[in-house]
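Student: next come a sequence and a model predicted from it.
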Amino acid sequence: MADIIFSKGSGLNDSVYGKSQEPIRAVIQKSVESFERASMIDKVFYMDTSRNFAEKYTSETALGDFEDVGENGAYPKTGMREGYSKVIEPTTWKSSFEVTQEMVEDAKYGKIKSRAGIFATSYARTREKFAAGMLAGGAGESITFGGRVYSTACADGKPLFAADHPSITGRGAAQANLFQAAFSVETLDAVQERMQGFTDDDGNLLDVAPNTILIPNVGSLKRQVLAAVGSDLDPNTANNALNFQVGLWNVLVWNYLPKTIGGKPYFILMDADFKDSYECLPWVDRLPLSVRSDIDPNTDANVFKGRARFGAGFNNWRCIALCGEGVTGGVSLE
């Protein structure tokens, strides 16, 4: 998240409001930065900035294999083509709050700071809720957030999580990153194996190596996941066989994710390195939070207005997979 841009509106009466401007600005900045440190957005999405009204994301198929051409053999001609593409257009988000002239005259700086802090928290919370809603809604084609509809389709036209992602070249088989099963060590093994087998559109094996487990804040699920990946020994065997999953995972608990899908807990596996290298899940910041203040001529209140432009979408599904017992339309692992 970029720094906040802050400017004073024209006609501001500094003799009345000047003393309140800087504290409000400081509270807004401090609150947003504090929220940013705990944010999951940059851990889940590929963070990008833009100077354009929209950005196009795409991929390319891999080159064919090298060939043994013998002595003085000619170079074989291999090629690659553009894969599916996705256009993400940042949208405009706004909010405001006001400080009454009476508050300033009566030196109610505590209340002023409180309102500024709530305002900053509202901005950061909105981003977090939108990001989590987009991700969890990836099992469908769209979500509704704040009364508006946002696409959760991937570049190939399928939902981010689907059982039948197509190949643009037709040389690769349809692939799944949506699975149906309750969490267990065996299920974790199975989803990990499926992701390690992801191929490009030509059927070439990719270097997908899932290293992140993302879950909602569900106590029983947290205990299961941490038991599965946090012990050197297999928690499911009496003879304490070696647990090869230990040390492989970064477990993230995102409190803004819905607790269930289809009434049951779920988990998400992700290759965080692949996600960034291939720009899989772009989050586009076009304009950081810009705060300005004006005097309302009817009330004499100092109105603080915040405006930002950002957007998110899904380009390449191969960095991520979702599995849950309540999932519908996924590949069964049971």
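Tutor: Everything's here; your move. Keep in mind that this is a model prediction, so the values were computed, not measured.

Student: chain center to stretch 313-325, what's the gap?
Tutor: 11 Å (C-alpha atoms, centre = their mean, to the nearest Å).

Student: residue 325 against residue 260, yeah?
Tutor: No. Between residue 325 and residue 260 there is no contact, the gap being 9.3 Å when judged by C-beta atoms under 8 Å. Every C-beta, even on glycine, is put in place using the N, C-alpha and C of the backbone.

Student: between the two, what contacts are shared?
Tutor: residue 266 (C-beta atoms under 8 Å, 6 or more residues apart in numbering).

Student: any low-confidence regions in the stretch 1-150 of the chain?
Tutor: 1-36, 61-64, 78-81, 103-113 (pLDDT under 70).

Student: list the contacts for residue 95?
Tutor: With C-beta under 8 Å, 6+ apart, residue 95 has these contacts: 119, 122, 123, 126, 305, 306.

Student: next, count neighbours for the closest residue to residue 76 other than its chain neighbours.
Tutor: Spatial nearest neighbour of residue 76, chain neighbours left out: residue 67 (4.9 Å); criterion: C-beta to C-beta, 6 or more residues apart in numbering. When neighbours are defined as other C-beta atoms under 10 Å, residue 67 has 10 of them.

Student: then the one 4 residues further on?
Tutor: By the other C-beta under 10 Å criterion, the neighbourhood of residue 71 contains 4 residues.

Student: SS state for it?
Tutor: coil (DSSP: H, G, I helix; E, B strand; the rest coil).

Student: ok, it to residue 77 distance?
Tutor: 19 Å (C-beta to C-beta, to the nearest Å).

Student: and what of residue 216?
Tutor: 49 Å.

Student: now swap in residue 273 and tell me
Tutor: Counting by C-beta to C-beta, the gap from residue 273 to residue 77 is 31 Å.

Student: now the strands: where do they sit in the stretch 51-200 of the chain?
Tutor: Listed in chain order, the strands of the stretch 51-200 of the chain (DSSP state E, counting those that start in this stretch) span 55-60, 82-88, 91-99, 142-145, 148-151, 178-180.

Student: can you tell me the closest non-neighbouring residue to the most centrally placed residue in the chain?
Tutor: By C-alpha atoms, centre = their mean, the chain has its centre lying nearest to residue 45, at 3.7 Å. The shortest distance from residue 45 to any non-neighbouring residue, by C-beta to C-beta, 6+ apart, is to residue 283 (3.7 Å).

Student: same question for residue 75.
Tutor: Per C-beta to C-beta, 6+ apart, closest to residue 75 is residue 69, 7.5 Å.

Student: so for the longest strand belonging to the chain, what gets flagged as buried?
Tutor: Of all the elements of type strand in the chain, the one with the most residues (DSSP state E) is strand 282-295. Neighbour counts over strand 282-295 (16 or more other C-beta atoms under 10 Å) mark 282-289, 291-295 as buried.

Student: chain center to the longest helix along the chain: distance?
Tutor: What stands out as the longest helix in the chain, according to DSSP state H, is helix 109-136. With C-alpha atoms, centre = their mean as the basis, helix 109-136 stands 17 Å off its chain's centre.

Student: may I see the buried residues of that helix?
Tutor: Buried, per 16+ other C-beta under 10 Å, within helix 109-136: 112-113, 115-117, 119-120, 123-124, 126-128, 130-136.

Student: follow-up on the earlier one: out of the contacts of residue 95, what pair is the most spread apart?
Tutor: 126 and 305 (15.1 Å; C-beta to C-beta).

Student: just the helices in the stretch 101-250 of the chain please.
Tutor: Secondary structure of the stretch 101-250 of the chain, counting by DSSP state H, counting those that start in this stretch: helices at 101-105, 109-136, 185-196, 219-229.

Student: which parts of the last one are buried?
Tutor: Translated: helix 219-229. Quick answer for helix 219-229 (16+ other C-beta under 10 Å): 221, 224, 225, 228, 229.

Student: and stretch 70-86, which residues are buried?
Tutor: Quick answer for stretch 70-86 (16+ other C-beta under 10 Å): 83, 84, 86.

Student: need the contact partners of that stretch.
Tutor: 56-64, 67, 69, 154-157, 168-169, 200-201, 282, 313-316.

Student: cutoff 10 Å now
Tutor: 55-69, 151, 153-158, 165-169, 200-202, 279, 282, 313-317 (C-beta atoms under 10 Å, 6 or more residues apart in numbering).

Student: want to throw the helices of the stretch 101-250 of the chain into TSV with distance to residue 331?
Tutor: As requested, those are exported to TSV (distance: least, C-beta to C-beta, whole Å):
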stretch	distance to residue 331
helix 101-105	59
helix 109-136	19
helix 185-196	8
helix 219-229	21
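
Student: can you tell which of those is closest to residue 208?
Tutor: Among the helices of the stretch 101-250 of the chain, if distance is taken as C-beta to C-beta, the winner is helix 185-196, at 5.2 Å.
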